[in-house]
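K.L.:
okay, here's the prediction I keep looking at, along with the sequence it came from:
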Amino acid sequence: MLARGVNPWLPGQARKVVIPAQYVLPPKPWVGIVVDIPARRIYYFPAHDHVVFTYPVGVFLPGWKESLTTTEIIAKYRMPAWNVPKNIHAWFKKKFHMNIPWYWPPGPENPMGELAMETGLSGIFIHGTYHPWGVGMRSSQGCF
């Protein structure tokens, strides 16, 4: 939590800020990976362990796929490529008047970052990013 008047991107050298270290856990069941969309956090509950790992995540922009559901991780990728879905390509064209590539090869320009986990939901991944300003924000068209 930042004090009033502190820039969240450039708080200032030697500026004291409070970084939360305790969180309210999402509702049970506490199994596997849980994405808490309102809190913009992902929780990992390892099997047979009494610990939880939590990290901030970018979540959907308002109006994009916000329904509750259960799914599984069906694949894991190191240095993923990204085939841009038609709806996201059209959204960039309409909102920003720009044609983004239909295919992003692995590398530092790829919005999926270095690691990705594909969920059982069509086109929805949990992935890294080379754009850290989207972490903890409503910045995604579907992925986390």
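P.N.:
It's in. All of these numbers come straight from a predicted model, not from anything done at the bench.

K.L.:
how many neighbours does residue 5 have?
P.N.:
As a burial measure, residue 5 scores 5 neighbours (other C-beta atoms under 10 Å). (Each C-beta comes from the backbone N, C-alpha and C, glycine too.)

K.L.:
where does it sit: helix, strand or coil?
P.N.:
Look at residue 5: counting by DSSP: H, G, I helix; E, B strand; the rest coil, its state is coil.

K.L.:
and it, how close does it get to residue 16?
P.N.:
13 Å (C-beta to C-beta, to the nearest Å).

K.L.:
now residue 97
P.N.:
42 Å.

K.L.:
cool, and residue 90?
P.N.:
According to C-beta to C-beta, residue 90 stands 45 Å off from residue 16.

K.L.:
please say which of the two ends up with more neighbours.
P.N.:
Between residue 90 and residue 16, counted using other C-beta under 10 Å, residue 90 has the larger neighbour count: 11 against 8.

K.L.:
list the residues that contact the most centrally placed residue in the chain.
P.N.:
Among the residues of the chain, the one closest to the centroid is residue 144, at 2.7 Å (C-alpha atoms, centre = their mean). Shown in contact with residue 144 (C-beta atoms under 8 Å, 6 or more residues apart in numbering): 35, 42, 57, 58, 59, 124, 125, 126, 127.
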